[in-house]
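>>> my questions concern the predicted model and sequence given below.
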Amino acid sequence: MAVLDANGKLIYSQKNGEFENARALSPEDVAAFLNQWKPAA
């Protein structure tokens with residue numbers, strides 16, 4: 001998994017297998033993870 005900014009610049013890429021068990025993650029877990037890089041309003 002990779003997180004890119006609006007210009008396509010890499011902000012984060014999976015390094016430690018954080019999403020190896022993605023099927024076991026709840027939608028809330030995924031949203032909390034992605035919200036770490038949410039742009040400020």
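Arrived safely. Keep in mind that this is a model prediction, so the values were computed, not measured.
>>> just the pLDDT for K9.
At K9, the predicted lDDT confidence score is 94.
>>> go on, V3?
Per-residue confidence (pLDDT) for V3: 85.
>>> and if you look at the one 10 residues further on?
The confidence metric pLDDT takes the value 86 at S13.
>>> need phi/psi at the nearest residue to it once chain neighbours are set aside.
Leaving aside its chain neighbours, S13 sits nearest to A2 (4.6 Å; criterion: CB to CB, 6 or more residues apart in numbering). All C-beta spots, glycine's among them, are computed from the backbone N, C-alpha and C. Main-chain torsions, A2, degrees, to the nearest 10: phi -130, psi 150.
>>> pull the number of nearby residues for A2.
Residues near A2, counting by other CB atoms under 10 Å, number 8.
>>> am I right that it is in contact with K9?
No - A2 is not in contact with K9 according to CB atoms under 8 Å; the separation is 10.7 Å.
>>> still on that earlier bit, dump the residue contacts of the residue nearest to S13.
Taking CB atoms under 8 Å, 6 or more residues apart in numbering, we find A2 in contact with 10, 12-14.
>>> thanks a lot, catch you later.
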